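>>> Build me a model:
(one chain, ligands or ions: 1)
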Amino acid sequence: MESPCRARFGDSERPESMSKPPNINDLSPAPTSQLTPYEFHELQTFEEAIERGLKHFAAVGYALREIRDKRLYRAAYTNFEDYIEARWQMHVSQAKQFIVAAEVEEEVTLKTATNGSQNPAAESETPIPNERVARALASAAPKGERAGVWQEAVKTAPVVHGKKKVTAAHVKETASKARTQERQSGKMLDKVGRAITHDHVAVAFNASGDFSSLMHELSALKGRFKSLMEGPAGHYATRHRQEWDAGISNLHSIVRFSAPYAVCPYCGGERNCDSCKRSGWMPEEIYKAVPRDIRGEQ
Ligand SMILES: [Zn+2]
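Residues are numbered from 1 along each chain as shown. Alright, predicted model coming up:
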């Protein structure tokens with residue numbers, strides 16, 4: 001099978017002189033005539049085929065995830081990266097995007113199935129149309145909030161040719177509006193500005209002041225030793241200045257990286273995942289190591 005241009009030339013490898021493939025819109029003349037009934041029927045048939053194809057992103061993502069997690073590639077390849085590149089002429093980051101998109105689709109579908117009775121409106125049944133929109137949803141909202149953002153996006157999407165048209169841009173805008181509303185509603189927020197919706201997470205964040213005060217105490221301790229060094233009996237203390245500073249700095253880091261920082265972006269505070277050690281929240285150090293796609297930050 002001929003590999004597509006994108007697979008042969010990564011964006012970084014594409015020679016400067018090589019222009020991008022022409023946009024189809026640039027080639028087609030401005031609409032000047034009506035379609036004949038036959039042409040209209042043809043257009044519909046082709047567009048349905050495209051829609052069906054685009055919808056398969058979730059199936060592709062699930063399949064890739066299973067192959068990766070069960071290491072089904074292992075008879076012929078040493079790792080998932082090699083398998084993806086050799087077997088599918090795809091970069092592993094693209095495979096991961098498919099997997100993220102499939103997981104988003106899964107989350108939205110499961111949530112709407114559970115809430116089905118509460119949301120009988122048609123928007124709860126509108127599927128995510130393609131991978132691009134699914135990825136936009138992944139990066140615009142954290143796990144646990146995506147189904148809500150999706151339903152709101154469908155509800156407020158413009159209708160084009162009798163169908164709701166939910167674009168990636170509209171999904172991002174919807175998520176950003178939801179966040180602004182949360183901020184204005186005076187709800188309790190974590191350090192990255194996300195609403196805390198679970199009581200056990202709120203209890204942890206209520207205790208975060210204790211971590212801050214311990215950090216202040218440590219800074220004060222640092223200062224007290226400095227006074228000793230500069231005082232009349234500072235002769236030997238001065239020789240330990242560096243150790244003391246390093247020790248305090250270590251303790252400071254321990255406290256800082258133990259304090260509640262963000263609601264767990266994997267379980268949304270549900271406490272049912274290992275990423276947050278089933279606490280529903282994460283300290284700063286662990287949160288910052290979570291891939292951007294999953295953190296759901298703008
Ligand atoms: Zn979690």
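
>>> contacting residues for Lys187?
For Lys187, the contact set (Cβ atoms under 8 Å, 6 or more residues apart in numbering) comprises Ala195, Ile196. For every residue, glycine as well, the C-beta is placed using N, CA and C.

>>> In three-state terms, label it for me.
Taking DSSP: H, G, I helix; E, B strand; the rest coil as the rule, one finds Lys187 in the coil state.

>>> For stretch 196-206, buried residues please.
Neighbour counts over stretch 196-206 (16 or more other Cβ atoms under 10 Å) mark Ile196, Thr197, His198, Val201, Ala202, Ala204, Phe205 as buried.

>>> and what of stretch 255-266?
Val255, Arg256, Ala259, Pro260, Tyr261, Ala262, Val263, Cys264, Pro265, Tyr266.

>>> isn't the first one right up against His216?
No. With contact defined as Cβ atoms under 8 Å, Val255 does not count as touching His216 (10.1 Å).

>>> Which residues of the stretch 151-298 of the chain lie near the ion?
Neighbours of the ion within the stretch 151-298 of the chain, by Cβ under 5 Å from the ion: Cys264, Tyr266, Cys267, Cys273, Cys276.

>>> just the strands in this protein please.
Using DSSP state E, the strands of the chain run over residues 159-160, 163-164, 262-263, 281-282.

>>> weakest of those by average pLDDT?
Lowest mean pLDDT within the strands of the chain: strand 163-164, at a mean of 80.

>>> Which part of the stretch 51-200 of the chain gets nearest to the ion, residue-wise?
Lys143 (8.6 Å; Cβ to the ion).

>>> Flag the shaky bits of the stretch 1-150 of the chain, pLDDT-wise.
In the predicted model, the stretch 1-150 of the chain carries pLDDT under 70 at residues 1-32, 112-124.

>>> show me where it has helices.
Using DSSP state H, counting those that start in this stretch, the helices of the stretch 1-150 of the chain run over residues 5-8, 24-27, 37-55, 57-69, 80-88, 92-114, 131-140, 146-156.

>>> Any idea which of those helices gets closest to Lys177?
Lys177 lies closest to helix 146-156 among those, at 8.1 Å (Cβ to Cβ).
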